[in-house]
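# predicted model follows, preceded by the sequence.
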Amino acid sequence: MGRRRGEALEAAILEAAWDELSERGYANLTVDSVAQRAGTSKPVLYRRWADKQELVEAAVVRRDAAQPVTPADTGSLRGDLIATLTELNERGPYLAQLSLLLAGYFAETETSFAELRRTVLAGRRSGSDEIMERAVERGELDPAKLTPRIAALPFDLLRGEAMMTLRPVAPEVIEEIVDTVFLPLVR
């Protein structure tokens, strides 16, 4: 096998960083372990990322880009939310696990999951933004009642439930989040 360069090398490093993060968590991940797993050297990593924090952020951004969630467009706010939350849920407790794996990152950087999410989105609109905008256009919700916290609520509740149970959320719980909690707030 020839020497990897450019995108191929970067992809191998970020995949190695993701694997190390998944297996060991942020606290036990080292630049050495990532370099060894990627079959390269520490200086190669440090030419691309200033430190472990930047490397892990890049690995999380890459992983998110490789597994995008496309917000459902069923023709109704309720349908869009249930379908999108169900798709997120079917990925397993990914977000809950990621939060736990990154606990050391959040402590070290004095940041939060919300701040990392902004890094991952990098100025792109979120799926929830798309769902809410379509619902406003269809007249299904009152935009005056749609604060950023309320718009995020169904996703936050799903993530919270998954973090508390470390299991996929039951379909009836997703429906309860949408029908009993969210929809009454925005109609």
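All right, it came through fine.
# so Glu161 makes contact with Glu176?
No: here Glu161 lies out of contact with Glu176, judged by CB atoms under 8 Å, at a distance of 10.0 Å. All C-beta spots, glycine's among them, are computed from the backbone N, C-alpha and C.
# give me the more crowded residue out of those two.
For Glu161 versus Glu176, neighbours defined as other CB atoms under 10 Å are more numerous around Glu161 (20 against 15).
# OK, contacts around the more buried one?
Glu161 sits next to Val169, Val173, Ile177 when contact means CB atoms under 8 Å, 6 or more residues apart in numbering.
# what distance do you get for the first one to Glu90?
Right, the one you point to is Val169. 10 Å (CB to CB, to the nearest Å).
# which one of the two has more residues nearby?
Between Val169 and Glu90, Val169 has the larger neighbour count (other CB under 10 Å), namely 23 against 10.
# surely that one touches Leu158?
Yes: using CB under 8 Å, Val169 is in contact with Leu158, at 5.9 Å.
# which residues do these two both contact?
Counting by CB under 8 Å, 6+ apart, the common neighbours of Val169 and Leu158 are Leu85, Asn89.
# what is the nearest of the contacts of Glu161 to Pro71?
Set against Pro71, the nearest of the contacts of Glu161 by CB to CB is Ile177 (15.9 Å).
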